[in-house]
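*Asks:* any chance you can model this:
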Amino acid sequence: MTFEIGFNRQDRNDTKEFYEFIGAKLVDRGEDTAYMIDTPTFEGLEKLLAKINQRCFGNDFGYSIIMGFDHPTIFLDRCI
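*Replies:* Here you go, the predicted model:
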C-alpha cells in the first residue's frame, strides 16, 4: 500500500535527506506536494519504523506511528 508520510508535529528530521534515507518519493499532487512511501505489509512498516528509530535515536523507541486509512497516511510521532 502507498502511504503519505510525514511528521505529526514540527521535527528536526523533517528534511529531504531523511525522506530519501527511508525511500520516500516526493510527489506533486497539483495543489501541493507530499512524500509517499510503499509498504506492502505491516511487517514492512515495522522494519521501516525500526530503521528510522535506529538512525535518529540509536534505539527502537524514538518515534511511534499514527496511521490513517481514509487517506492512507503515516505520521511519525516523537515519543522521546
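*Asks:* ok, the closest residue to residue 39 other than its chain neighbours - contacts?
*Replies:* Ranked by Cβ to Cβ, 6 or more residues apart in numbering and with sequence neighbours excluded, the top spatial neighbour of residue 39 is residue 45, at 4.8 Å. Every C-beta, even on glycine, is put in place using the N, C-alpha and C of the backbone. Counting by Cβ atoms under 8 Å, 6 or more residues apart in numbering, residue 45 touches 39, 65, 74.
*Asks:* quick one: the helices in the chain, in order.
*Replies:* 16-22, 42-57 (DSSP state H).
*Asks:* residue 34 is nearest to which of those helices?
*Replies:* Minimum separation from residue 34 across the helices of the chain (Cβ to Cβ) falls at helix 16-22, 10.2 Å.
*Asks:* who touches that closest one?
*Replies:* In contact with helix 16-22 (Cβ under 8 Å, 6+ apart) are residues 5, 26, 35, 37, 48, 51-52, 55.
*Asks:* circling back to that earlier point, between the contacts of residue 45, which has the most around it?
*Replies:* residue 74 (22 neighbours; other Cβ atoms under 10 Å).
*Asks:* was I right about that one contacting residue 5?
*Replies:* Yes. If you go by Cβ atoms under 8 Å, residue 74 and residue 5 touch, sitting 4.6 Å apart.
*Asks:* give me the common contacts of these two.
*Replies:* Joint contacts of residue 74 and residue 5 (Cβ under 8 Å, 6+ apart) are residue 37.
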